[in-house]
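Engineer: Sequence first, then the predicted structure, then my questions.
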Amino acid sequence: MKEKWFLYTKKADFNAIAEKFHISPIVARIIRNRDVIGDEQIQEYLESDICRLNSPWLFKDMDKAVNLIQIKLSQNNKMRIICDYDVDGICSGYILLKALSDLDANVDLVVPHRIEDGYGINEKMVEKAHQDGVDTIITCDNGIAAYAQIEYAKTLGMTVIITDHHEVPYERTDGKIHYIVPRADAVINQKQSDCSYPFLELCGAMVAYQLVRALYEAKGISERTVQRFLPYAALATVCDVVELRGENRMIVKQGLQCFERLKDTGLCALIEQCDLDKKNITTYHMGFILGPCLNASGRLDSAKKAMELLNCGTAEEAERLAAWLKDLNDERKDFTNKGVEEAIQIAEKYEDPVLVIYLEHCHESIAGIIAGRVRDKYHKPTLILTDAEEGLKGSGRSIEEYDMYEELTKVKSLFTKYGGHKMAAGVSLPRENIEILRNKLNENCNLTQEDLYLKIWIDMQLPFECITTQLIEQLEMIQPFGKGNEKPVFAEKNLKIIRMNICGKNDNVLKMTVQNERGYRITAMMFQRIQEFMAFLSEKFGFDEIDKALQGIHNDISIMVTYYPKINVYHGKTELQIVIDRFC
């Protein structure tokens, strides 16, 4: 993958901002680089106060949904929640189930089976609900694309409330877009064109959270009661990879703080099983450890097990389920690594800007993960297709320059089913359409070679002597980091390697002493891309120079790096360090 480095050059009076908000000019520059402009936005960014969350009543149909649920509660009508099988679906389903159960609702929950049922509500589920005497169906993290299924439920006399965050399906006729919104009794989705909710990037769990917030407000229940669901909303927000801006950043920041006081048996058991400390949970832990364990249930078995864990009442049962989910996720990792290896071998044969890869023996549930890994390696939109019970199923992951949902919509006649958004999508299609799909996507593609370069944005060139304990503590203020609020990237050039050595239990850590042009030295650590780094050094400077650096003697190596500073505490000794990410 080719990459280009760019330096942000956005202008502002950084010293004035620093003085006004009692922060470093370096932090002020980073905030400006994130397009946080004006006193109100800066204050909101620094505080991320949950009180600034928009009113749930701004959602179109929120009043209808709340009134309907209150009627159903008063009449003890049977309600059924139908969620999705990923982390966002599981968390949104749990939030609604727990909230309604606490109101003594006659409610249950169904999690679709990924292979047997597919994504979202289907006619079979509607029929089963009707047979079970269900009066009202509430969808979460799905439903906006289920026009026919909702019509069927209505013919059976059922009430349907949709809560979803996905793009509203549309048709383009004579150059005009016509949105296709299911005719449910209430549709809560901020992406409807006539919805006045101002923040569009909420995940499904946050839409569910806002419904509960409105319902509790209508029943006179304290806002503090709703906030017990913040860890689940935060977990879903991170795992659904929505941008950590505005409300999303508020939710994740507050949710992380709520983890410290978390007492829920199920989630606490999973945290303990993963050897994590709930007082120090980060977005990394949510996105790469806890989330994948919950996801593994829906990928390789049934997501019911993940829901059972979250809703678990006893410590013994929670411990058993948490251990099972962790083991299942470890198994999923092995399958994924094999699939990624095979996909990369196939990708090497194509020069297409859009990769469409068929993996015959891939479990359909991990196609999305493999697509993401291939996308990351080549910085190209990637669709991974695999065999399903009827035809093929696939998952896609995209890059910022390519709106995958829009491009798939242009060729929707090739699919039996599809859905998603700009950065990710899912498809079902007949086997014979693979090559047609590959050709159509690449014929229609307007990506340039420039688009296919991975763009590395550097916040500023930061001399090592500017790194202080106070600066690192202030950088913690602007967390959590993630998509839309990226971790700051600093750079230094013309660095000399004074000494380096490979360490770690599996020789997977590189420790160096590096020196900048002004003679300032600092310890530098590298935890990833070590083999690639050593290959780069050998190609550019030769093995003799590497040997000199390993021996700690004068050498001719000179490099430029991107990095992030940290405080390392070891045996009671505190040391400022940098962690190197990229190099050239």
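Structural biologist: Sure thing, it's come through.
Engineer: just the strands in the stretch 151-300 of the chain please.
Structural biologist: 159-163, 170-173, 176-179, 186-188 (DSSP state E, counting those that start in this stretch).
Engineer: Equivalent analysis for the stretch 351-500 of the chain, please.
Structural biologist: Using DSSP E, counting those that start in this stretch, strands in the stretch 351-500 of the chain cover 355-358, 382-387, 392-397, 417-420, 424-429, 454-458, 460-461, 490-503.
Engineer: counting contacts, what elements does the fifth one pack onto?
Structural biologist: Under the contact criterion of 3 or more C-beta pairs under 8 Å, 6 or more residues apart in numbering; DSSP states H and E, strand 424-429 touches strand 382-387, strand 392-397, helix 404-410, strand 417-420. No exception for glycine: its C-beta is placed from N, CA and C like everyone else's.
Engineer: Relative to residue 226, which of the ones you listed is closest?
Structural biologist: strand 417-420 (29.3 Å; C-beta to C-beta).
Engineer: hang on, residue 17 in a strand?
Structural biologist: No. Per DSSP: H, G, I helix; E, B strand; the rest coil, residue 17 lies outside any strand segment and is helix.
Engineer: Touching, it and residue 30? I think so.
Structural biologist: No. Using C-beta atoms under 8 Å, residue 17 makes no contact with residue 30, being 10.8 Å away.
Engineer: Looking at those two, which is more packed in?
Structural biologist: residue 30 (25 against 19; other C-beta atoms under 10 Å).
Engineer: Format the helices and strands packed on strand 424-429 as TSV; extra columns: mean pLDDT, distance to residue 283 and mean neighbour count.
Structural biologist: Shown next, in TSV, are the helices and strands packed on strand 424-429 (pLDDT from 0 to 100; distance: least, C-beta to C-beta, whole Å; neighbours: other C-beta atoms under 10 Å):
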stretch	mean pLDDT	distance to residue 283	mean neighbour count
strand 382-387	95	24	25
strand 392-397	94	19	26
helix 404-410	93	24	18
strand 417-420	84	23	20
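Engineer: Can you show me the helices along the stretch 1-150 of the chain?
Structural biologist: Assigned by DSSP state H, counting those that start in this stretch, the stretch 1-150 of the chain shows helices spanning 14-21, 25-33, 39-47, 62-75, 87-102, 123-131, 147-155.
Engineer: Including distance to residue 533 and mean pLDDT, could those go into TSV?
Structural biologist: As requested, these are exported to TSV (distance: least, C-beta to C-beta, whole Å; pLDDT from 0 to 100):
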stretch	distance to residue 533	mean pLDDT
helix 14-21	33	96
helix 25-33	26	97
helix 39-47	34	91
helix 62-75	52	98
helix 87-102	33	97
helix 123-131	51	96
helix 147-155	52	97
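Engineer: Let me know which of these is tucked in deepest.
Structural biologist: Ranked by mean neighbour count, the helices of the stretch 1-150 of the chain are led by helix 87-102 with a mean of 27 (mean count of other C-beta atoms under 10 Å).
Engineer: which strands and helices sit next to it?
Structural biologist: Applying 3+ C-beta pairs under 8 Å, 6+ apart, one finds that helix 87-102 contacts strand 79-82, strand 107-110, strand 136-140, helix 204-218, helix 230-239, helix 291-300, helix 304-310.
Engineer: need the ones you listed in JSON lines with distance to residue 420, mean pLDDT and mean neighbour count, can you?
Structural biologist: Formatted as JSON lines, the helices and strands packed on helix 87-102 follow (distance: least, C-beta to C-beta, whole Å; pLDDT from 0 to 100; neighbours: other C-beta atoms under 10 Å):
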{"stretch": "strand 79-82", "distance to residue 420": "19", "mean pLDDT": "98", "mean neighbour count": "25"}
{"stretch": "strand 107-110", "distance to residue 420": "22", "mean pLDDT": "96", "mean neighbour count": "20"}
{"stretch": "strand 136-140", "distance to residue 420": "17", "mean pLDDT": "97", "mean neighbour count": "29"}
{"stretch": "helix 204-218", "distance to residue 420": "13", "mean pLDDT": "98", "mean neighbour count": "26"}
{"stretch": "helix 230-239", "distance to residue 420": "16", "mean pLDDT": "97", "mean neighbour count": "29"}
{"stretch": "helix 291-300", "distance to residue 420": "17", "mean pLDDT": "84", "mean neighbour count": "24"}
{"stretch": "helix 304-310", "distance to residue 420": "22", "mean pLDDT": "93", "mean neighbour count": "22"}
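Engineer: mind checking which of these is nearest residue 327?
Structural biologist: Going by C-beta to C-beta, the one of the helices and strands packed on helix 87-102 nearest residue 327 is helix 291-300, 8.9 Å.
Engineer: Helix 87-102 and the closest one, what's the angle between them?
Structural biologist: Counting by axes from the mean of the first three to the mean of the last three C-alpha atoms, to 10 degrees, helix 291-300 lies at 90 degrees to helix 87-102.
Engineer: Take the helices and strands packed on helix 87-102 and write them to CSV, including distance to residue 172.
Structural biologist: Formatted as CSV, these follow (distance: least, C-beta to C-beta, whole Å):
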stretch, distance to residue 172
strand 79-82, 30
strand 107-110, 34
strand 136-140, 26
helix 204-218, 26
helix 230-239, 31
helix 291-300, 33
helix 304-310, 38
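Engineer: Point to the residue nearest the middle of this protein.
Structural biologist: Centroid-nearest residue in the chain: residue 241, 2.0 Å away (criterion: C-alpha atoms, centre = their mean).
Engineer: Show the pLDDT at that residue.
Structural biologist: Turning to residue 241, the model gives it a pLDDT of 85.
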